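J.: Pasting the sequence and the predicted coordinates here, then a few questions.
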Amino acid sequence: MTELIIMLFVFFFSFLIGYLFISKVPQLLHTPLMSMTNAISAVTILGALLLFSVETTPFEKVIGVIAIAMATFNVVGGFVITDRMLKLFKKNSDME
Amino acid sequence: MSNWLHLLIDLSVITLFFVGFYKFRHPKGARTGNLIAAFAILTACLLVLYRHDILDPGFVVVAMLIGLTAGWIVAIKVDMIQIPAMVAFQHGAGGVAVFLISFVELTGVTSEHLPTLGKISGLLGLVIGAATFSGSMIASGKLANKLNQKPTVLPRHSLLLLGLFLAIFALAIITGRYESQANVYLLTLLLGLSILLGIIFSIRIGGADMPVLISFLNATAGFAAAFCGVLIQNRLLVACGAAVAASGSILTHIMCKAMNRSLINIFVGIQQGSATSLKQMTPESDKEKSPETLDAPETPEEEDGIVRAVTVLKNSQRIVIIPGYGMALAKAQFKVVEMAGRLEKMDKDVKFAIHPVAGRMPGHMNVLLAEADVDYDNLVEMDDINSEFKETDLVIVVGACDVVNPAAIDSTDTPISGMPILLANEAKAVVVCNLDEKPGYSGVENPLYDMPKTIKLFGDAKNTVTLLIEAL
C-alpha cells in the first residue's frame, strides 16, 4: 500500500513540476516540445521490457514483442525528429 | 542494491527529464534538452535490463531493432509539413504499447496479487491507451490527407459517444470486480469498445480543429503511460507519463484559448451558427486541390493589383507578414521568405506574426518558417505583435483568413466571435495573397477583404509571391 501512495505522490509531483516548466516554453517551440514529450511518453518501453522478466505464455511473448517494437519506434522516431526540427531554428547571425 | 539506492537512481533519471524540459525555454538550449531527455530514456532502459533478468533476450533485441530502424527511417524521411501526421501516428504507437502491456499485466500470472488501485489503473491505462491509439490513427489519417478532412457526423453522434462511454465504464467495473485475474473475454470486449470510442470521437473533428485534437491525444498518451506505470509499479513510468500529461494539457488549453472555444465545444461539435459554416466548410479542401488550375494568365485587373501592391511594398517601412496554413499548402513559404529577405535588403523592417492556431499542430507554422531559414527572432507571437499593428505600414496576409478576420471582434453571433485575432485591420495597408475570396474554415465572410486599404491578390500564393519578387 505504501508503494501505491508513493506512486500517487510521484504522479502529482511530476505533473506539477512538468506544468511549471512547460508553461514557460515559448509558442515558437511547441511543435518540437510535443514531439519530444511524445517520445518521452514511450517510456512505456520499460513496461514492455518488464514483460520479459517473468515466465510468460507464447501469446504474451508475441504481445510483448509488438509492445517493445511500437515503443522503440515511438522513442527513436520522436527524439530524432525533434532533433531535426530544432536544428532548423537558428538566428541570422549563426547562418553566416 | 538497497531500495534507497534504487529510489535515488530513479530520482536522478526523473531529474534529467525535467532538465530537458527546462532547456526548452529557449531555442538555443532546446536541442541539448532533447538530447538530455533521450539520454535519460536510454539510461532508464539500461537500468531495467540491469535490475531484472530478461528471460528471452533474443526476442527483446529483435523487437528493439525493428522499432529502432523503422523509427529512424521514418524520422529522417518525413517532410516538415507532415510532422503533425507523424506525431499523431506516434501517439498511436505509444497507445498500442500501453494497452498491450496493461492487457498482459491484468490477465497474466502476476495479476493475482494486484491491489485494487493497481487494477483500476490498469483498466484506465487499457481504455485510454486503446482510445488514444484509434483516435490518433484517425487524426493521423486526416492530417496526412488520407481521410476526409471534413468532420464526419453520424446520426445521434453525441448520444452514441455518451452511450459508448457509459458502456465502457460499466464494463470496466464488471471486469474489475472479477475475483483475481481479469476475464480475458471481458477485457477483449472492453478493448474493442475503447478502440471504437477513439474512432467515433475523432472522426467528427475537422481539419482546422486538429491542433486541439493532437494536443489532447498528447495528454491522453501521457495519462495512459502514467496509469500503466502505477499498474506495474514503476516510478519512472509514472513520473514521465505525468509530465507528458501536463504538457499535453497545457497545449490543449492554449489551443482552446486561441480559438475561444471550450474543449467540449470542439469535441461535441457545437458551433454557433454551425449550419451555415458546415455548408461552407469546403474552401479549405479546395485550396489543396486547385493550385494547378490557377496558372491561367492573369486578367488585366490582377496585374494592376500586383503593380499597386509593389508600389505599396516599396513605400512601406514596417512590414508584417501573416502566414496561414494556406501558405504551407501552396508550398509558398520559401518564396515568402525570399521576398522578406529582398525587402530586408531594402532596409525595411520585416516580421512574421504567428497566430497560435496557424498550421495543423501547436507551433507548426514556426517550424515551417524555420525550415525556410527565417531567423527565429523575427517570428513573433500574437500577444507581442498585436500592439504594433497601428504603427505598421503594410500587412501581407499569405494563406490565412480566420485569424485576421475582424468579424471575430466586431460581431457577436459568428462561430469565431471572441476568438483572438491578429489585428491586421489596424495596419495602414493590407495585401492579401489568398487563393480566393471564399471565407476560411469557419465560413465567416472576412470584412478585411472589402476595406479600401486592402489589395487583393487572389490565386496560388506561390505564383503571386513570385510575381511580387520579380516586380520588386
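T.: Okay, I see it.

J.: so what's B:A75 up against?
T.: A:76-78, A:80-81, A:84, B:86 (CB atoms under 8 Å, 6 or more residues apart in numbering or on different chains). Glycine gets a C-beta too; all of them are placed from N, C-alpha and C.

J.: close to chain A, is stretch B:384-392?
T.: No - with CB under 8 Å from any CB of the partner chain as the criterion, chain A is not reached by stretch B:384-392; the gap is at least 9.8 Å.

J.: Can you list the buried residues in that stretch?
T.: B:385-386, B:388-389, B:392 (16 or more other CB atoms under 10 Å in any protein chain shown).

J.: who's in contact with that stretch?
T.: B:318-320, B:351, B:353, B:395, B:422-424, B:426-428.

J.: how deep is the residue of the stretch 1-150 of chain B at minimum distance from chain A tucked in, by neighbour count?
T.: For the stretch 1-150 of chain B and chain A, the shortest gap (CB to the nearest CB) falls at B:G67, measuring 2.7 Å. When neighbours are counted by other CB atoms under 10 Å in any protein chain shown, B:G67 registers 28.

J.: In helices only, show me the contacts of B:A75.
T.: A:76-78, A:80-81, A:84, B:86 (DSSP state H).

J.: Correct me if wrong, but B:V380 is in a strand.
T.: Yes - counting by DSSP: H, G, I helix; E, B strand; the rest coil, B:V380 is located in a strand.

J.: doesn't B:I354 make contact with it?
T.: Yes - with contact defined as CB atoms under 8 Å, B:V380 counts as touching B:I354 (6.8 Å).

J.: With neighbour numbers in mind, choose between these two.
T.: Applying other CB under 10 Å to B:V380 and B:I354 shows that B:I354 carries more neighbours, namely 27 against 19.

J.: With B:M451 as the reference, measure out to the more buried one.
T.: According to CB to CB, to the nearest Å, B:I354 and B:M451 sit 23 Å apart.

J.: Could you do A:H30 as well?
T.: 32 Å.

J.: Look at those two and report which has more neighbours.
T.: A:H30 (27 against 13).

J.: Give me the pLDDT value at the more buried one.
T.: With respect to pLDDT, A:H30 scores 93.

J.: now swap in B:L294 and tell me
T.: So, for B:L294, pLDDT stands at 39.

J.: If you drop the residues flanking it in sequence, what lies closest to the residue in chain A positioned nearest to chain B?
T.: Residue nearest to chain B within chain A: A:T72 (2.7 Å; CB to the nearest CB). Distances taken as CB to CB, 6 or more residues apart in numbering or on different chains place B:G67 nearest to A:T72, at 2.7 Å, with adjacent residues excluded.

J.: and what of B:L394?
T.: B:S316 (3.8 Å).

J.: Distance-wise, check that neighbour relative to chain A.
T.: 21 Å (CB to the nearest CB, to the nearest Å).

J.: cool, B:I205 as well?
T.: 17 Å.

J.: Secondary structure element holding that residue?
T.: According to DSSP states H and E, B:I205 maps onto no helix or strand at all.

J.: B:I322 now?
T.: Counting by DSSP H and E, B:I322 is part of strand B:318-323.

J.: pLDDT averaged over that strand - what is it?
T.: 92.

J.: and the helix or strand B:S140 falls within, what does it pack onto?
T.: Assigned by DSSP H and E, B:S140 falls within helix B:116-143. Packed against helix B:116-143 by the contact rule (3 or more CB pairs under 8 Å, 6 or more residues apart in numbering or on different chains; DSSP states H and E) you find helix B:83-107, helix B:157-177, helix B:184-203, helix B:210-232.

J.: mind running it again at 10 Å?
T.: helix A:2-22, helix A:44-50, helix B:83-107, helix B:157-177, helix B:184-203, helix B:210-232 (3 or more CB pairs under 10 Å, 6 or more residues apart in numbering or on different chains; DSSP states H and E).

J.: Any idea which of the ones you listed gets closest to A:T37?
T.: Relative to A:T37, the nearest member of these by CB to CB is helix B:210-232, separated by 6.4 Å.

J.: next helix or strand past the closest one?
T.: helix B:235-259.

J.: wait, does that following helix contact chain A?
T.: Yes - remark: helix B:235-259 sits within contact range of chain A at B:235-251, B:253-255, B:258, by CB under 10 Å from any CB of the partner chain.

J.: Just the buried ones among those, please.
T.: Of the residues of helix B:235-259 next to chain A, these count as buried by 16+ other CB under 10 Å: B:235-251, B:254-255, B:258.

J.: picking that back up, including mean neighbour count and distance to B:G459, could the helices and strands packed on helix B:116-143 go into CSV?
T.: What follows is the helices and strands packed on helix B:116-143, written out as CSV (neighbours: other CB atoms under 10 Å in any protein chain shown; distance: least, CB to CB, whole Å):
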stretch, mean neighbour count, distance to B:G459
helix A:2-22, 17, 41
helix A:44-50, 28, 48
helix B:83-107, 28, 26
helix B:157-177, 15, 38
helix B:184-203, 19, 33
helix B:210-232, 29, 26
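
J.: a strand runs through B:Y441, doesn't it?
T.: No - if the criterion is three-state DSSP, then B:Y441 is coil and not within a strand.

J.: Number of residues surrounding the nearest residue in space to it that is not next to it in sequence?
T.: With sequence-adjacent residues excluded and distances taken as CB to CB, 6+ apart, B:Y441 is closest to B:A208, at 3.8 Å. When neighbours are counted by other CB under 10 Å, B:A208 registers 20.

J.: My guess is B:A208 contacts B:A400. True?
T.: No - in this structure B:A208 lies outside contact range of B:A400 using CB atoms under 10 Å: 11.3 Å.

J.: anything in contact with each of these two?
T.: B:324-325, B:440 (CB atoms under 10 Å, 6 or more residues apart in numbering or on different chains).

J.: closest one to B:K146 among the helices and strands packed on helix B:116-143?
T.: helix B:83-107 (8.5 Å).

J.: how about the nearest residue to B:A225, chain neighbours excluded?
T.: Going by CB to CB, 6+ apart, B:A225 has B:G241 as its nearest residue, at 3.4 Å.

J.: whoops, I mixed them up, B:H26
T.: That would be A:P26: by CB to CB, 6+ apart, it lies 7.7 Å from B:H26.

J.: which residues sit in contact with the one you found?
T.: So A:P26 contacts A:33, B:24-27, B:30, B:363, B:366, B:376, B:379, B:381 (CB under 10 Å, 6+ apart).

J.: and of those residues, the nearest to B:I214?
T.: For the contacts of A:P26, the nearest to B:I214 is B:G363 (11.1 Å; CB to CB).

J.: measure the nearest residue to the closest one once chain neighbours are set aside to B:A461 for me?
T.: In space, not counting the residues next to it along the chain, B:G363 is nearest to A:H30; the distance is 3.1 Å by CB to CB, 6+ apart. Distance of A:H30 to B:A461, computed by CB to CB: 24 Å.

J.: go on, B:G192?
T.: Counting by CB to CB, the gap from B:G192 to B:A461 is 45 Å.
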